[in-house]
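Novice: generate coordinates for the sequence data below:
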Amino acid sequence: MLGIAALPAVIGIATKLAAGWFAARRAGVAVTGRLRAGVALVPRGEFNIVIAGPRSPRAPTPASARSPRRTC
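Specialist: Sure thing, here's the model as predicted:
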């Protein structure tokens, strides 16, 4: 299960590094600056933590997530 959860994290980190690298290269930044630009993107907007911990269908839903009951 950990391997399945780690895969999106690894892909996300790799694509952020690549995006920073190519953007900095396009701006004419040196190699160390390209790597720094990619690394700076890694902690930004990490959605993988949500994917890494999928809930079991049997897990109870917290009361705050349930829709309120309407009384008519």
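Novice: give me the secondary structure label for R44.
Specialist: coil (DSSP: H, G, I helix; E, B strand; the rest coil).
Novice: ok, and the closest non-adjacent residue to it?
Specialist: Once flanking residues are discounted, R44 sits nearest to K16: 7.5 Å by Cβ to Cβ, 6 or more residues apart in numbering. The way it works is simple: take the backbone N, C-alpha and C, and place the C-beta from them, glycine included.
Novice: okay, and the one you found sits in which element?
Specialist: Element membership for K16, per DSSP states H and E: helix 2-26.
Novice: circling back to that earlier point, can you tell me which residues contact the residue nearest to R44?
Specialist: Taking Cβ atoms under 8 Å, 6 or more residues apart in numbering, we find K16 in contact with G38, L41, V42, R44.
Novice: name the residues that touch the next helix or strand after the helix holding K16?
Specialist: Where DSSP H and E defines the elements, the next helix or strand beyond helix 2-26 is helix 31-41. Helix 31-41 is touched from outside by K16, L17, A18, A19, G20, W21, A23, A24, R25, V29, with contacts defined as Cβ under 8 Å, 6+ apart.
Novice: now those in JSON lines, with pLDDT and distance to G3?
Specialist: Output for these, formatted as JSON lines (pLDDT from 0 to 100; distance: Cβ to Cβ, whole Å):
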{"residue": "K16", "pLDDT": "89", "distance to G3": "20"}
{"residue": "L17", "pLDDT": "91", "distance to G3": "21"}
{"residue": "A18", "pLDDT": "92", "distance to G3": "22"}
{"residue": "A19", "pLDDT": "90", "distance to G3": "25"}
{"residue": "G20", "pLDDT": "89", "distance to G3": "26"}
{"residue": "W21", "pLDDT": "91", "distance to G3": "26"}
{"residue": "A23", "pLDDT": "90", "distance to G3": "30"}
{"residue": "A24", "pLDDT": "91", "distance to G3": "31"}
{"residue": "R25", "pLDDT": "92", "distance to G3": "32"}
{"residue": "V29", "pLDDT": "90", "distance to G3": "35"}
